[in-house]
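J.: structure, please.
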Amino acid sequence: MKGWSFLIFCLTLSFASEVVGIPSSNYTARRISYQKTGDSYNNEYQQGYGYSKSKPSSSESSESDSKSCERQECMAPTNLAKIYVANWVLSDDVGDQREPEVICPCAQGSQQFFKPSMYSNAGDSNDDAQLAFEIDSSTSSCPDMCIRDRDGNFWKPVDPTITTTYIYLAPSCMGDECNVYVGVDGGSLQKVGGSDIVDETHPVDIYDEFMLPDSKYLKADAISCRGCDEIKPEITEKCYGPGYFYNFEIDLEESKSSSEQCENSFDLPKCTIPSSKAQLFIEYGVIVDGNQQIPQSLCHCEGGSLQFFDSATHATPNDAYSNSELAAYIYSEYYYESCQRTCIRDEDGNFWEGYDEIELYLVPYCECHTYAGLDYGTLINVETNEVKTDSDSGTNVGSDPVGKDSKYLKIVALSCGGCDKIKKIDNCGPKN
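T.: As a prediction, the model looks like this:
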């Protein structure tokens, strides 16, 4: 077993070197466990995009600061399937999909890279968390669905107010070509500006046709739940590198990368802050489930988006969940590959990470705060090791209401890839 562990570790280093573009001898890579070391979040040089930097010398800093601000290109890792994901894409069922392996940040979304499904067709990929995304066109999930294919065509559901269209986005690789294949499992898609139709049997039977480069599947290049304008080429090309590992921490011995030097240079659209709305920063890789409300608006930010929600009419978290009034619902179990490292940041600046399995209700409620109700599992303060459990007094999600005087945590940010990714949450578009 030790030999196999060493081999896997070496392969991880090799893969990390190829994605980040730095010789593997210059860093170590390790899977982050739930158990944190004492200074994991007490290092001002630990960066959000999956990197942990050592402090540069003063001469290195001066030389670095004098260079022009040029972002690196988002390089596609090998053997992973890529898709652009606009901010706020809501899943139909988080249990059927997995987290991305690598992410590149973009101005209004992210480029996400997924390992291939173990199944040969899109229909069977719905099992065992093999999908990149599972979405549907219902008003509570992805009401203005739009998919752009690899040829630049846009596809939208047919008559979404009458028939719900269910979509599997399945990553698959053959040889050196990887794609995200579109499986329609109910309803249909129609090419925008054309008459071509795709459904569950035409032009392919998604439970029979192999996902191959020359198959008749649509190959998805971008996905949006807010219409096709969100994934126009001039929007989706604003992505930068280096790509960062979503659930890996990488220790580097170099000074800051150009991506970090240019952290304020995104061409972010203007941000309008609505009144009387609860808000929550949600980072790129969060997989949110359909048992929640659609945000009323959002602001594009580096690392994710700031989303604004109506106040729940039900103050008890379990009732808010039952009536689809949550800002986010997180369900992380051992057999899922979604939200493996849940972290929430409270209004006082504390970071709380999920320990083992966790089920979390995030309730928007005015006077406007977002409250965290823990239905199952444990939250641990990463600095003090304070523990919150689902049996704490005053926070029973079935009977205790949220409110400014309640004992629930008031939170400002949510991550599924650890607390580093929500350390910097205020770099959003200029406010109107």
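
J.: what pLDDT does the residue positioned nearest the centre of the chain get?
T.: With distances taken as Cα atoms, centre = their mean, residue 285 lies nearest the centre of the chain, 1.5 Å away. Per-residue confidence at residue 285 stands at 83 (pLDDT).

J.: so it is in which element?
T.: Under the criterion DSSP states H and E, no helix or strand holds residue 285.

J.: let's have the chain start at 64 instead
T.: OK, 64 is where the count begins now, so the last one is residue 348.

J.: that one reaches residue 164, doesn't it?
T.: No. Between residue 348 and residue 164 there is no contact under Cβ atoms under 8 Å: 10.1 Å. (Glycine included, C-beta is placed from N, CA and C.)

J.: so the residue nearest to the centre of the chain versus residue 271, what's the distance?
T.: As judged by Cβ to Cβ, to the nearest Å, residue 348 and residue 271 stand 32 Å apart.

J.: got the domain ranges for this protein?
T.: 65-119+311-324, 144-299, 341-485 (automatic domain parsing).

J.: any weak-confidence spans in the stretch 114-263 of the chain?
T.: Along the stretch 114-263 of the chain, segments meeting pLDDT under 70 span 114-134, 139, 155-158.

J.: tell me where it has helices.
T.: Here the stretch 114-263 of the chain has its helices, by DSSP state H, counting those that start in this stretch, at 121-129.

J.: next: the stretch 364-495 of the chain.
T.: 380-385.

J.: residue 193 versus residue 273, what's the distance?
T.: Distance from residue 273 to residue 193, by Cβ to Cβ: 15 Å.

J.: I'd like the domains of the chain as a markdown table, with distance to residue 492 appended.
T.: Below are these laid out as a markdown table (distance: least, Cβ to Cβ, whole Å):
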| stretch | distance to residue 492 |
| --- | --- |
| domain 65-119+311-324 | 18 |
| domain 144-299 | 9 |
| domain 341-485 | 5 |
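
J.: can you tell me which of those is nearest to residue 334?
T.: Among these, domain 341-485 comes nearest to residue 334, with 3.6 Å by Cβ to Cβ.

J.: give me the number of residues near residue 275?
T.: Residue 275 has 15 neighbouring residues, counting by other Cβ atoms under 10 Å.

J.: check contacts around the nearest residue to it once chain neighbours are set aside.
T.: Closest residue to residue 275 in three dimensions, ignoring its sequence neighbours and counting by Cβ to Cβ, 6 or more residues apart in numbering: residue 237, at 5.6 Å. Neighbour list for residue 237: 274-276 [criterion: Cβ atoms under 8 Å, 6 or more residues apart in numbering].

J.: over to residue 189?
T.: So residue 189 contacts 159, 197, 231, 246, 248 (Cβ under 8 Å, 6+ apart).

J.: so which of those residues is the closest to residue 368?
T.: So of the contacts of residue 189, ranked by how close each gets to residue 368 (Cβ to Cβ), first place is residue 197, at 20.5 Å.

J.: what sits against that closest one?
T.: Per Cβ under 8 Å, 6+ apart, neighbours of residue 197: 154-156, 159-160, 189, 229-232.

J.: centre of the chain to the strand ranked longest in the chain, how far?
T.: Longest strand in the chain, counting residues (DSSP state E): strand 414-428. Here strand 414-428 is found 16 Å from its chain centre; the criterion is Cα atoms, centre = their mean, to the nearest Å.

J.: how many residues are close by the nearest residue to residue 410 once chain neighbours are set aside?
T.: Spatial nearest neighbour of residue 410, excluding adjacent residues (Cβ to Cβ, 6+ apart): residue 473 at 4.6 Å. Per other Cβ under 10 Å, the neighbour tally for residue 473 reads 16.

J.: hmm, residue 473 is touching residue 434, no?
T.: Yes. At 6.0 Å, residue 473 counts as touching residue 434 under the criterion of Cβ under 8 Å.

J.: could you dump the contacts of residue 237 to TSV with distance to residue 468, pLDDT and secondary structure?
T.: Formatted as TSV, the contacts of residue 237 follow (distance: Cβ to Cβ, whole Å; pLDDT from 0 to 100; DSSP: H, G, I helix; E, B strand; the rest coil):
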residue	distance to residue 468	pLDDT	secondary structure
274	54	95	coil
275	59	94	coil
276	59	93	coil
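
J.: list just the nearest of those residues to residue 413.
T.: residue 274 (44.2 Å).

J.: distance of the residue nearest to the centre of the chain from residue 368?
T.: Distance of residue 348 to residue 368, computed by Cβ to Cβ: 12 Å.

J.: now do residue 177
T.: The value you get for residue 177 to residue 368, if Cβ to Cβ is used, is 20 Å.

J.: cool, residue 185 as well?
T.: In terms of Cβ to Cβ, residue 185 sits 28 Å off from residue 368.

J.: and these two? Which one has more around it.
T.: Taking other Cβ under 10 Å, residue 185 and residue 368 do not tie; residue 185 has more neighbours (32 against 25).

J.: contact partners for the more buried one?
T.: 231, 233, 244-246, 269, 272, 274, 280.

J.: residue 376 contacts residue 386, correct?
T.: Yes. Using Cβ under 8 Å, residue 376 is in contact with residue 386, at 7.3 Å.

J.: quick one: contacts for the closest residue in space to residue 429 that isn't next to it in sequence?
T.: Excluding its sequence neighbours, the residue lying closest to residue 429 (Cβ to Cβ, 6+ apart) is residue 374, at 3.9 Å. By Cβ under 8 Å, 6+ apart, the contact set of residue 374 is 339-341, 427-429, 431.

J.: so what pLDDT did residue 374 get?
T.: pLDDT, read off for residue 374, is 97.

J.: restricted to buried residues, select the contacts of residue 197 in PyMOL.
T.: In PyMOL, a selection of the buried entries from those looks like this (16 or more other Cβ atoms under 10 Å):
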select buried, resi 154+155+156+159+160+189+229+230+231+232
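
J.: let me know the closest of the contacts of residue 197 to residue 362.
T.: Out of these, the member with the shortest distance to residue 362 (by Cβ to Cβ) is residue 154, at 21.4 Å.

J.: please consider this matter closed, and thank you.
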